[in-house]
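predicted model follows, preceded by the sequence.
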Amino acid sequence: MGGYGDVQMIDDDGLRMDGRKPGDVRPITIETGVVPVADGSCRMTWGTNEAIVAVYGPMEAHPRKIQRQDRAVLDVTYNMAPFSTTDRMRPGFNRRSREISKVTADALESVVLLELYPRSKIRISIEIVSAEAGTRCVGLTAASVALADAGIPMTDLVVSVASGKINDVVVCDLNKEEDNYGEADLPMGVLPNSGELVFLQMDGDLSPDEFKQAWDYNMDAAMEVHKLMVDALKGGEN
Amino acid sequence: MKGWPVARLDTMSRESSADGPRDSRRALVVVPGEDLGVSEGYEAGHGVLVVDGRLRSTKQGRMNTKGSTVSVEPLHTTYMPRPGDLVIGHIEGCTNNIWFVDIGAPFNSILPMSLGPAKVEFGGTRKILDIGDSILCRVQEVEETHQSVVTMKGLGLRKIKSGALDEVDPHLLGRLIGKGGNFLRDLKLESECRIVVAENGRLWIDGDLDGIFKVRNCLKELSLEARQVGGVN
């Protein structure tokens, strides 16, 4: 949220720098079963973002101190590859990746039926191989597809989308420039079948009306992305 | 946006006009959270939950309706131990009187010294079965907390010293064995291998190298075919 007011990111016709309208989402592709050794996996491209997620388990939770007697634990690791950005990312955990791993685990805990596997662990590795903007949304959405691919029982899929504000206009699915120089960012995680919200963060300032507009954009986009997730999991059947 | 009319602040639930589970004659592929129709008159089977009077899938798989029970046959499963199951386990650790055995379930099993393959002195567990060894054993009991105990006291239960081990999803064992054991019998004859199928989806294949390759290729094909949506039913 740089807030550089002199950067023109939306033209007089209301089109953004990449030609999208304010409510448009970048092109998305979803593929399952991309990591043969994993129990479930997913590759998702969202614009120039690309995430590969692998799910292992449920398995015995180690170290034993992390075990919960009444349910399984989700061990989520979000990591950006060093080559995923134009500036080399320093490998390993950092404050941001810890935060995203935690919020992703919290969001997924709302849907995974963890009580079926007490004392065990489900390991989810999210690897961002190409990053533009909105990687936490891509990671969370792809993780939900990978969990379904692994046969983990869930009450719903989680779809995550972000909207934000650029040049005082609310737009959906920010790209890199809009994320860097925009005024606000509102990533959300939605359960498409029940309409419940499992994840929400906000960076920057939005008025109540702008917030409502961003919310609506996110909800609409989530439904669109959910269709693609269902298509990917069904492999074109039905 | 032409999405489903759901997930807005003011419309937090979706009404569906579907009345009852969908046509069962065709195995529909469903995904977690998918609405399968009203629950009235139907029972929720494996992979199905009743939420607000409607049936919802909790797994990715094929929907089946048998009688009044609606279930989802998943495309991928995890082995859940049951007493009496013949399983192949790997020794993961041991103490002075207990071995910890990975049987492919979400929770490790224990093999107490008293149920081991031979008489062991206290502290001598690693002399009999060491970490990394594979064993053919049987599930003796499963507790409420899902902790399970395996035994090696029984006919044919032993440490595996030869051949190769392979793995398929436990729900594919039915296909591997075939009707009346036909498929497995043919596979044994063709490969000239001894094949022991354990209920946790692991197989012990013992024979010459060509035979083992044949069996493993067959298992690989079976798994790949089953993982592809639209594969064998």
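Yes, it's here. Given the structure is predicted, the values throughout are model-derived calculations rather than measurements.

and the residue of chain A closest to chain B?
The nearest approach of chain A to chain B comes at residue A:223, 2.7 Å away (C-beta to the nearest C-beta). Using the backbone N, CA and C atoms, a C-beta is placed for each residue, glycine as well.

avg pLDDT for the helix or strand containing that residue?
Following DSSP states H and E, one finds residue A:223 within helix A:208-234. Helix A:208-234 comes out with an average pLDDT of 94.

pLDDT value on the residue nearest to the spatial centre of chain B, please?
The centre of chain B sits closest to residue B:170, judged by C-alpha atoms, centre = their mean, with a distance of 2.9 Å. Turning to residue B:170, the model gives it a pLDDT of 88.

which non-adjacent residue is nearest it?
residue B:201 (4.1 Å; C-beta to C-beta, 6 or more residues apart in numbering or on different chains).

residue contacts, that neighbour?
B:79, B:104, B:167, B:168, B:169, B:170, B:172, B:173 (C-beta atoms under 8 Å, 6 or more residues apart in numbering or on different chains).

and the third one, how far from chain A?
If you measure residue B:167 against chain A using C-beta to the nearest C-beta, to the nearest Å, the figure is 11 Å.

residue contacts, that residue?
B:104, B:201, B:202, B:203.

nearest to residue B:29, of these?
Using C-beta to C-beta, residue B:201 is the member of the contacts of residue B:167 that sits closest to residue B:29, with 21.9 Å.

state the distance from that closest one to chain A.
Remark: distance between residue B:201 and chain A (C-beta to the nearest C-beta) = 12 Å.

ok, residue B:140 next?
18 Å.

residues in contact with the helix or strand containing that residue?
Using DSSP H and E, residue B:140 falls within strand B:134-142. Contacts to strand B:134-142, defined as C-beta under 8 Å, 6+ apart, come from residues B:81-91, B:101, B:103, B:109, B:111, B:115, B:117, B:129, B:148-152, B:154, B:156-160, B:165, B:196, B:198, B:204.

what's the first helix or strand after that strand?
Following strand B:134-142 toward the C-terminus (DSSP H and E): strand B:148-151.

parallel or antiparallel, list what pairs with that following strand.
strand B:109-112 (parallel), strand B:134-142 (antiparallel) (DSSP bridges).

picking up where we left off before, how close does the residue nearest to residue B:170 get to residue B:162?
21 Å (C-beta to C-beta, to the nearest Å).

equivalent analysis for residue B:127, please.
For residue B:127 relative to residue B:162 (C-beta to C-beta), the value is 20 Å.

same deal with residue A:100?
Distance of residue A:100 to residue B:162, computed by C-beta to C-beta: 48 Å.

contacting residues around residue A:152?
Counted by C-beta under 8 Å, 6+ apart, residue A:152 has contacts A:40, A:55, A:57, A:58, A:112, A:113, A:122, B:59.

cool, residue A:69 as well?
A:118, A:119, B:145.

quick one: pLDDT of it?
pLDDT recorded at residue A:69 is 87.

got it, and residue B:84?
For residue B:84, pLDDT reads 94.
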